[in-house]
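A.B. asks: Dropping the sequence and predicted coords here.
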Amino acid sequence: AGSGKFFVGGNWKCNGTKDSISKLITDLNSSTLESDVDVVVAPPFVYIDQVKNSLSDRIEIAAQNSWTGKGGAFTGEISVEQLKDIGCKWVVLGHSERRHIIGENDQFIGKKAAYALSEGLGVIACIGELLEEREAGKTSDVCFQQLKAYAGKFTRAHKHTHTYFLSPFPDAVPSWDKIVVAYEPVWAIGTGKVATPEQAQEVHVAIRDWLSKNVSAEVASKTRIIYGGSVNGSNCAELAKQEDIDGFLVGGASLKGPEFATIINSVT
Ligand code: PEP
């Protein structure tokens, strides 16, 4: 782990029932969690209220998606304002399942991120390459392209409120404080095929370097870059030792309270 506060998110995806979530909450509430870690869980929308009402305030709540702008005539969508109204502090955007199963593109994701940030929601901004992209040596290109889509939109969000600010990249954008970058190689998500600590570290360094060159040295050093992809209670400790891994985004293992607590407590 690097110098930023360790950050662990649990992405529950489209899983759970009132009963199973109630048990998960009980387990999380009775776990001892390292104090020096930011912990966030992302329940399915329909259970956010249940979670908010019974989970310890120690853990913040993220949504798994949000709309690109103010709510209104957008059937089936959920607005940032509504998420804030029910107590969400974060939103997960650009997750590989939304990119590759649902078909969201960089531009759409960037728009959502810019709007969420402009409304004060934190963004867990996911990026990551497909297996064939890795095998073709395109890992960095893909990650940089996805990062650029977020960074460009963040600039525009900033310009919206400070029209005089014309820097091509947001080196003075205050909202970078509310962005956590999640590097999630698609081949590692839900497959049980975790990246090696060296593979993850290598990409995290490249991301930090991109931030330094294209945003600012300060943003590069402060932004948490977390790893996601088959993290579990057994492999988290080795990953957490890497200098540029500032936390995790956890899918499957976040549905088991004690194992999720082990991952949170892997901070080094
Ligand atoms: C995820 O959904 O972000 C994820 C990393 O899933 P899993 O931990 O199950 O691979």
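C.D. replies: Cool, got the structure.
A.B. asks: can you pull the contacts of Gly2?
C.D. replies: By Cβ atoms under 8 Å, 6 or more residues apart in numbering, the residues touching Gly2 are 224, 243-246. Quick note: C-beta positions are derived from backbone N, CA and C, even for glycine.
A.B. asks: how much space between the residue nearest to it when sequence neighbours are not counted and the ligand?
C.D. replies: The shortest distance from Gly2 to any residue other than its chain neighbours is 5.2 Å, reached at Asp246 (Cβ to Cβ, 6 or more residues apart in numbering). Using Cβ to the nearest ligand atom, to the nearest Å, Asp246 is found at 15 Å from the ligand.
A.B. asks: Tell me how far the closest residue to the ligand within the stretch 101-250 of the chain lies from Pro197.
C.D. replies: Across the stretch 101-250 of the chain, no residue is closer to the ligand than Gly228, which sits at 3.5 Å (Cβ to the nearest ligand atom). Using Cβ to Cβ, to the nearest Å, one gets 14 Å for the distance from Gly228 to Pro197.
A.B. asks: Look at those two and report which has more neighbours.
C.D. replies: Counted by other Cβ atoms under 10 Å, Gly228 and Pro197 do not tie: Gly228 has more neighbours, with 27 against 17.
A.B. asks: shouldn't the more buried one be in contact with Gly247?
C.D. replies: No - if you go by Cβ atoms under 8 Å, Gly228 and Gly247 don't touch, sitting 9.5 Å apart.
A.B. asks: Can you select the buried ones among the contacts of Gly2 for me in PyMOL?
C.D. replies: Listed next is the PyMOL selection for buried residues among the contacts of Gly2, using 16 or more other Cβ atoms under 10 Å:
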select buried, resi 224+244+245+246
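A.B. asks: So which of the contacts of Gly2 are in strands?
C.D. replies: Among the contacts of Gly2, the residues falling in strands (DSSP state E) are Arg224.
A.B. asks: Give me the subset of the contacts of Gly2 lying in helices.
C.D. replies: Judged by DSSP state H, the contacts of Gly2 include no members of helices.
A.B. asks: Tabulate the contacts of Gly2 (CSV), appending pLDDT and distance to Asn214.
C.D. replies: Putting these into CSV (pLDDT from 0 to 100; distance: Cβ to Cβ, whole Å) gives the following:
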residue, pLDDT, distance to Asn214
Arg224, 97, 17
Glu243, 97, 21
Asp244, 97, 17
Ile245, 97, 21
Asp246, 97, 19
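A.B. asks: Which stretches in this protein count as strands?
C.D. replies: Assigned by DSSP E, the strands in the chain fall at 6-11, 37-42, 60-63, 90-93, 122-127, 179-183, 224-228, 247-250.
A.B. asks: Next up, the contacts around Tyr150.
C.D. replies: Counting by Cβ under 8 Å, 6+ apart, Tyr150 makes contact with 94, 109-110, 113, 123, 125, 179.
A.B. asks: do the same with Thr75
C.D. replies: Per Cβ under 8 Å, 6+ apart, neighbours of Thr75: none.
A.B. asks: Would you mind measuring from it to the ligand?
C.D. replies: 26 Å.
A.B. asks: Could I get the phi/psi values of that residue?
C.D. replies: Thr75 has phi and psi values of phi -50, psi 130 when expressed as degrees, to the nearest 10.
A.B. asks: ok, which residues in the chain are in contact with the ligand?
C.D. replies: The chain comes close to the ligand at residues 11, 184, 189-190, 228-231, 249-253, as judged by Cβ under 6 Å from any ligand atom.
A.B. asks: between those, which has the most around it?
C.D. replies: In terms of neighbours by other Cβ under 10 Å, those top out with Val231 at 31 neighbours.
A.B. asks: I figured that residue was touching Glu238, is that so?
C.D. replies: No - look at Val231 against Glu238 with Cβ under 8 Å: they stay out of range, at 10.5 Å.
A.B. asks: Now tabulate the residues of the chain next to the ligand in a markdown table and tack on pLDDT and distance to Ala151.
C.D. replies: Converted to a markdown table, the residues of the chain next to the ligand look like this (pLDDT from 0 to 100; distance: Cβ to Cβ, whole Å):
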| residue | pLDDT | distance to Ala151 |
| --- | --- | --- |
| Asn11 | 98 | 23 |
| Glu184 | 98 | 18 |
| Ile189 | 97 | 23 |
| Gly190 | 94 | 27 |
| Gly228 | 98 | 20 |
| Gly229 | 98 | 23 |
| Ser230 | 97 | 28 |
| Val231 | 98 | 26 |
| Leu249 | 98 | 19 |
| Val250 | 98 | 25 |
| Gly251 | 98 | 26 |
| Gly252 | 98 | 30 |
| Ala253 | 98 | 30 |
